[in-house]
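>>> Need coordinates for the below:
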Amino acid sequence: MDTLKDADCLAQQHPEICLVNSGLAGWLLQHADQTVRTPARRGRVRVTEVDWHSRKNGAAHHTQEYPGPELVVRRGQVFTLRLELSRALEDQETIIFTLETGPQASEDCHTKAVFQISEPDVGQNWTAVEEAQTENTMTVSITSPPNAVIGRYLMRTRVSSRRKQNDRKLGEFVLLFNPWCPEDDVFLDSEEERQEYVLNDSGIIFRGVEKHIRAQGWNYGQFEEEILDICLSILDRSPLHQNDPATDVSHRHDPIYVTRAISAMVNSNNDRGVVQGQWQGKYGGGTSPLHWSGSVAILHKWFKGRFKPVKYGQCWVFAGVMCTVLRCLGIATRVVSNFNSAHDTDRNLSVDKYVDSFGRTLEDLTEDSMWNFHVWNESWFARRDLGPSYNGWQVLDATPQEESEGMFRCGPASVTAIREGDVHLAHDGPFVFAEVNADYITWLWHEDESRERVYSDTKKIGRCISTKAVGSDSRVDITGLYKYPEGSRKERQVYRKAVRKLFGVEAPGRRTRVRRAGSRGLWREDLMEPATKPSVTGKFKMLEPPMLGHDLRLALCLANLTSRAQRVRVNLSGATILYTRRPVAEILHESHTVRLGPEEEKKIPITISYSQYKEDLTEDKKILLAAMCFVTKGEKLLVEKDITLEDFITIKVLGPAVVGVAVVVKVTLVNPLLERVEDCVLMVEGSGLLQGQLSIDVPSLEPQEKASVQFSITPSKSGPRQLQVDLISPHFPDIKGFVVIHVATAK
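The predicted model follows:
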C-alpha cells in the first residue's frame, strides 16, 4: 500500500473529518520514509563450514608431524579457525562455542567449556577473539587454559539469539600438553631439549654391563599413523577410566596423574595393558624382547588385536613404549639406563645374595636381585604436590616389579628427592632410591644352614646411569643427578636421612640394619660390621675380546698383599645368564689351589670353548663368572665378572638421502659361527625412512663368512632419521645395528 496516496484520498472523500484526522495524516507523512524501508525478517545465521588452518596451527604448535587431517594443538596457546557463515552477523549477534571431552562432560569437572567471542582475557578459561571478518566469513583465535584437560575435544557452535538454536557440530580436535608454554606444568625452558625429548622420533637405549655399555637404536615413532589415537586409547583402557570415566578424564590436566596411569597401562599385569613381560628366556607364542626395534609395531599390534597384551617385553621395551606414549602426548621424556640396578624386594636398602662354595647364586634363598642393567623413563614436569624444589625430572618405570597402591606401576618419583634422600615423598621413592643406592652384600651359605658374610664390592649398585645426549648419539652419565659421590660425606648424610625417613631410626656412620618382619633377620639394631677385607685381591681379565661363536680366553689374577706366603683355594664357576643375572645353565665348574709368595701375583688361565656355551647362551649373550677364594686364616673373597659377547654388523648409505628419492643401503655382516648357517633374515625399520618393517632374506653364510646385503629405501621425511637393522637367525642371538641418516628436503 502507498501510504501517502491513501492519506490524500481520505481527505478528499471526507472533508468533515479532515481536520480531526490531520494529526494522523501528519504522523503518516512524518514516518512514511521509515515505514517504506523496513526489511523483511532475515533467516537464522549458522556456520556452514570451518577451516581448521591445520598447517598454520601445526607449525605454531609444533604438531605438524602428526599425520592426518585432524587438528592437533597444545594447551595454553592460541590457535585460529576460519568460519563460513550463512549470512553476516548483525550487531547484537555473536558466536558461542561449546567444547566437550570425555563422557558426561561438565563445566564443574572442567571437561566442558562454553564461551563466546569476546575481548582477550588472560586467565584460566577458554577464550575466543575475533581476528577478522568479511561479509560471510570470520577468523577466530581460540586460546585454551594452560591447565586444560588433554585429549580429543568435540567443538560445537551456535549464534546468540532471542530464539533458541541448536548447537551445530563443527568437528573434533586433539589438545596436548605444551612444553613450550611457561604456564603449563610440563614447561621445559630449553628449545634444544624440547626438540630432543618431545619431537625426536628415534633414540638410543643403553644396555650391556657396566664395563661394556652398548647402544641400541629405538624407533619411538610418535608421529606415525594411528599412534596418537592409540596413545589416547591407552588412557581410555585404563581401569581408572573403566571404573569412573568422567572423573578419570577430569584428572587428565595433571601430568602426575597421566604419567602414573600410563606407567600402569604399558605393562599388562593388572589390566589389558600393552606389553606382557617375560624373563624366563622362553618366548613361545610371542616375540623375543630382543627382536623389537621400536614401539610402533608393538602399539599397532596391541590396538589391532583388540587390546590383547603383546608378547613379550623386558625393561627396555617397556621404557621405549612409554617414551613414545608420553612424547606423543606432549610430555618431555627420555630413557634412562641404570647399570647394576638393585631390586630390593624386602625394602631394607640392601641386596642380599646367597651363594654356595663355588660362588653360584642360590635362587631359592636369594629374594633380592641385582640386574646387569635396568631401564626406566624420566619425564619433566612440575610437582605441585611436593613443592617447586622437586620440579624437573621425574622417574617413571613401567616394568612390572612391585605393586604401588595395588597396581604394577612406579612413579613419578622426583630425581631431586632421590638424590636428597627424601624417600617419604610420592611416589615410590624407597624403591627407586634402593635401585641406585642399595648395598650389595654376599653371604656364603653352609650346608648346616649357617651363613657367613663374604667380602665383595658393596658399592657396586647404581653405576653409569646413562641417557642419550641432546642432539647427538653419545652417552651422557647422569649418575650425579641421582646421588652424591660414593663414600662422600654428603652421600653418607643422605643415606642416614633415607633410613630415618623409611624406618624412623637413626643410622650411625655405617649403614645400620633394622630387623623387619618376614625377613631373614638381616637388619640388626646393632652395627653390622662389614666383612673383613682379605689379604689377597682377585680380578678377572679378558685375554682376547669375547666374540660370539669363539672360545673365551681369560685369566683370574690373584695378588698377595702381605709379606708372607699364602695358600688360596679357588672354586671357579660360570653360567650363561639373563640380563637380570638369573643363571640359565652352568658352563664352568673347576677348582685350583694356588701358592702365593710374599706380594706375588699369579694368573689362573681359563678357557671356555664355544661348544661349552653355545647350546645355553641366551639372546642376552651374557655369561657370569665367579671365583670363590678361600684364603689362609679363614678369609673369603668373591670375585665376579659379567661378560657380554660381541658381534659385528655395519650399515652404510650409498649416496645422498633426499625426500621422495630412493637410496641404496648396504649392510655388511659376519657369520660369527664356525659352521654354515641358513634361514637368516634382516629386519629393517625407521620412521620417516620406510613404511612399517622391511624383511629381507639373507643367503646362506659359510663359517665366519663376511657378506653384504643391499636394499633401497625412499625417505618420506627430512632431517636426521634413524635406521635400525636386526639380523635374526635360529642359530645365534640377534645382531643389531643402527645408523643415523641425514635426509635433505626435495629440490
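>>> ok, the residue most central in space within the chain - contacts?
Geometric centre of the chain, nearest residue: Cys323, 2.2 Å, by C-alpha atoms, centre = their mean. Going by C-beta atoms under 8 Å, 6 or more residues apart in numbering, Cys323 touches 203, 218, 220, 295, 333-335, 377. Glycine gets a C-beta too; all of them are placed from N, C-alpha and C.
>>> Quick check: of those residues, which lies closest to Glu65?
Set against Glu65, the nearest of the contacts of Cys323 by C-beta to C-beta is Tyr220 (11.8 Å).
>>> And for the closest one, nearest residue in space, chain neighbours not counted?
With sequence-adjacent residues excluded and distances taken as C-beta to C-beta, 6 or more residues apart in numbering, Tyr220 is closest to Thr324, at 4.5 Å.
>>> Just the element for that neighbour, please.
Remark: Thr324 resides in helix 315-329, with elements defined by DSSP states H and E.
>>> Need the CA coordinates for that helix. PDB is fine.
Provided in PDB are the C-alpha atoms of helix 315-329 (Å, rounded to 0.1, in the frame of the first residue of the first chain):
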ATOM      1  CA  CYS A 315      62.600 -53.400  30.800                       C
ATOM      2  CA  TRP A 316      63.900 -51.500  27.700                       C
ATOM      3  CA  VAL A 317      60.800 -52.400  25.800                       C
ATOM      4  CA  PHE A 318      58.500 -51.100  28.500                       C
ATOM      5  CA  ALA A 319      60.600 -47.900  28.600                       C
ATOM      6  CA  GLY A 320      60.700 -47.500  24.900                       C
ATOM      7  CA  VAL A 321      56.900 -47.800  24.600                       C
ATOM      8  CA  MET A 322      56.400 -45.400  27.500                       C
ATOM      9  CA  CYS A 323      58.700 -42.900  25.900                       C
ATOM     10  CA  THR A 324      56.700 -43.000  22.700                       C
ATOM     11  CA  VAL A 325      53.300 -42.500  24.500                       C
ATOM     12  CA  LEU A 326      54.500 -39.600  26.700                       C
ATOM     13  CA  ARG A 327      56.300 -37.800  23.900                       C
ATOM     14  CA  CYS A 328      53.200 -38.200  21.800                       C
ATOM     15  CA  LEU A 329      51.000 -36.600  24.500                       C
END
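>>> I'd like the next helix or strand past it.
Next element after helix 315-329 (DSSP H and E): strand 333-343.
>>> contacts for the helix or strand that comes right after that next one?
Of the helices and strands lying after strand 333-343 in sequence (DSSP H and E), the nearest is strand 350-355. Strand 350-355 has contacts (C-beta under 8 Å, 6+ apart) with 342-344, 361-362, 365-370, 438-445, 451, 454, 461, 511, 513, 520, 522, 626, 628, 638.
>>> try it again with 6 Å
342, 361-362, 365-366, 368, 370, 438-443, 445, 522 (C-beta atoms under 6 Å, 6 or more residues apart in numbering).
>>> Where does pLDDT dip in the chain?
1-42, 122-123, 162-164, 505-530 (pLDDT under 70).
>>> now do 80
Low-confidence segments of the chain (pLDDT under 80): 1-43, 119-124, 161-166, 346-347, 456-458, 504-532.
>>> Convert the C-alpha atoms of stretch 544-564 to PDB, please.
C-alpha atoms of stretch 544-564 as PDB (Å, rounded to 0.1, in the frame of the first residue of the first chain):
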ATOM      1  CA  GLU A 544      91.000 -61.700  24.000                       C
ATOM      2  CA  PRO A 545      87.800 -59.800  23.100                       C
ATOM      3  CA  PRO A 546      84.800 -62.100  23.900                       C
ATOM      4  CA  MET A 547      83.400 -62.700  20.400                       C
ATOM      5  CA  LEU A 548      80.200 -64.600  19.800                       C
ATOM      6  CA  GLY A 549      80.900 -68.000  18.300                       C
ATOM      7  CA  HIS A 550      84.500 -68.100  19.600                       C
ATOM      8  CA  ASP A 551      86.200 -69.600  22.600                       C
ATOM      9  CA  LEU A 552      86.600 -67.300  25.600                       C
ATOM     10  CA  ARG A 553      90.100 -66.800  26.900                       C
ATOM     11  CA  LEU A 554      90.700 -65.000  30.200                       C
ATOM     12  CA  ALA A 555      92.600 -65.300  33.500                       C
ATOM     13  CA  LEU A 556      91.900 -64.900  37.200                       C
ATOM     14  CA  CYS A 557      94.600 -62.600  38.500                       C
ATOM     15  CA  LEU A 558      95.400 -63.100  42.200                       C
ATOM     16  CA  ALA A 559      97.700 -60.800  44.200                       C
ATOM     17  CA  ASN A 560      99.100 -61.400  47.700                       C
ATOM     18  CA  LEU A 561      99.100 -58.100  49.700                       C
ATOM     19  CA  THR A 562     101.200 -59.400  52.500                       C
ATOM     20  CA  SER A 563     104.900 -60.100  53.100                       C
ATOM     21  CA  ARG A 564     104.200 -63.700  54.000                       C
END
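>>> Tell me how many other residues crowd Pro730.
By the criterion of other C-beta atoms under 10 Å, Pro730 has 9 neighbours.
>>> mind listing what it touches?
Shown in contact with Pro730 (C-beta under 6 Å, 6+ apart): Asp679.
>>> Next: Cys629.
Contacts of Cys629 (C-beta under 6 Å, 6+ apart): 538, 568, 570, 637.
>>> Tell me how many other residues surround the closest residue in space to Ala746 that isn't next to it in sequence.
Leaving out its chain neighbours, the residue that sits closest to Ala746 by C-beta to C-beta, 6+ apart is Val659, at 4.6 Å. Other residues within reach of Val659, judged by other C-beta under 10 Å, total 16.
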